[in-house]
Every structure is written in structure tokens, then in C-alpha cells.
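[1] A predicted structure for the sequence below; I have some questions about it.
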Amino acid sequence: MADRAPHVLLVEAPYYTHIAALLREGAEKALAAAGATFDVIEVPGSFELPGAIGIAAKAGKYDGFVALGCVIRGETTHYDHICESTADWLQHLAVSDGLAIGYGILTCENEQQALHRANPGGNGRDHGGAAVRACLAMVGVKRRFSGEAG
């Protein structure tokens, strides 16, 4: 069963639609390159990403999850609360529930930083693709220790 293509859920928070589109483009390219299958759901914002992944995990139909979103610092401490709680809860799900999660949430000071980090082209960092590759690596770890990998 180790050669079964991973089935991944992309969970996207399209609050900044143009940035989310770049993250998703990079994620979909990485999934296609890996031969993985995937579904996509949208949630209102980054804060909802861990909850959606926790709910979807209970369905038992996904090998891994990729959280895609962007939080840009504003004039209040809202940024700090969202960034910290989202990262903490995604890590909690990964450790406590043994989920393979790729972290594709940009936490940036401004829109220019976010666009550079999201861009899947040659002049960007392709965080969507990187999150997929991290997720798939963790799927491999899970398969190895579950006896699914040879």
C-alpha cells in the first residue's frame, strides 16, 4: 500500500484573495508533481484553519492537510494573537492527533513580503509548494511508522 498516492486536503483562508491564489497555485503544482490527489475547502480566515483541519481529520479520508493563509500585521495586536494561536493549534493537531500538516500560513509585515513569499514563480519563495512538500514528507513518516511503507 506504500505506493498509493497520498490524498491531501488543502484548507485555504482566502482573506487576501490575490495572495491566497498564489499560495494555492504553488500548492497545486507541488501536489501534481508528487502525483498526489487532493480536495480543497475554504474557511473565512486563518483563525479557522486549525478547526477545519481538526473536523476534516475525523472523516479519516485524508493522508495529510495543508493550511494556506496569510496574516499581515496591522495597527493592533490582533496579528500576534492570530499568528500565535493558529501555529500553536496546528502544531497541537500534528503532535496530539498524529496529523501530517503542512504550514502554509504567511505571517508578514506588509503585502509586498506576502506576495514575494507566496509567489510560486522563479522569483518567489513558493510557500504553498513548500507547505505541500512538508506535508508529504510527514505523510511518509506516518507511513513508515504505521508499517505502510516498505
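    Looks like it arrived, so ask away. Residues are numbered from 1 along each chain as shown.

[2] Mind jotting down where the helices sit in the protein?
    17-34, 49-57, 78-96, 111-118, 127-146 (DSSP state H).

[3] Now do the buried residues in the last one.
    If I follow you right, that is helix 127-146. 127-136, 138-140, 142-143 (16 or more other CB atoms under 10 Å). Where you see a C-beta, it was placed from the backbone N, CA and C, and this is true even at glycine.

[4] for stretch 13-22, same thing?
    By neighbour count on 16+ other CB under 10 Å, the buried set for stretch 13-22 is Ala13, Pro14, Tyr15, Tyr16, Ile19, Ala20, Leu22.

[5] Alpha carbons of that stretch, in PDB - could you do that?
    Below are the C-alpha coordinates for stretch 13-22, written out as PDB (Å, rounded to 0.1, in the frame of the first residue of the first chain):
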ATOM      1  CA  ALA A  13      -8.200  31.000   4.100                       C
ATOM      2  CA  PRO A  14      -8.700  33.400   1.100                       C
ATOM      3  CA  TYR A  15      -8.900  36.600   3.200                       C
ATOM      4  CA  TYR A  16      -6.300  38.200   0.900                       C
ATOM      5  CA  THR A  17      -7.600  36.600  -2.300                       C
ATOM      6  CA  HIS A  18      -4.700  37.500  -4.600                       C
ATOM      7  CA  ILE A  19      -2.200  36.100  -2.100                       C
ATOM      8  CA  ALA A  20      -4.300  33.000  -1.500                       C
ATOM      9  CA  ALA A  21      -4.400  32.400  -5.200                       C
ATOM     10  CA  LEU A  22      -0.600  32.300  -5.400                       C
END
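
[6] where does the protein have low pLDDT?
    Applying pLDDT under 70 to the chain flags the ranges 1-2, 149-150.

[7] still on that earlier bit, and the furthest pair within the buried residues of helix 127-146?
    Across those, the longest distance by CB to CB is 24.5 Å; it joins His127 and Arg143.

[8] And for Asp97, the neighbour number?
    12 (other CB atoms under 10 Å).

[9] Could you do Arg24 as well?
    21.

[10] Check the gap between it and Phe145 for me.
    Distance, Arg24 to Phe145, by CB to CB, to the nearest Å: 30 Å.

[11] and if you look at Asp88?
    For Asp88, the distance to Phe145 equals 24 Å [CB to CB].

[12] List the residues that contact the residue nearest to Val132 when sequence neighbours are not counted.
    Nearest in space to Val132, with sequence neighbours left out and distances taken as CB to CB, 6 or more residues apart in numbering, is Ala30 at 3.8 Å. Applying CB atoms under 8 Å, 6 or more residues apart in numbering to Ala30 gives the contacts Asp126, Gly128, Gly129, Ala130, Val132, Arg133, Leu136.
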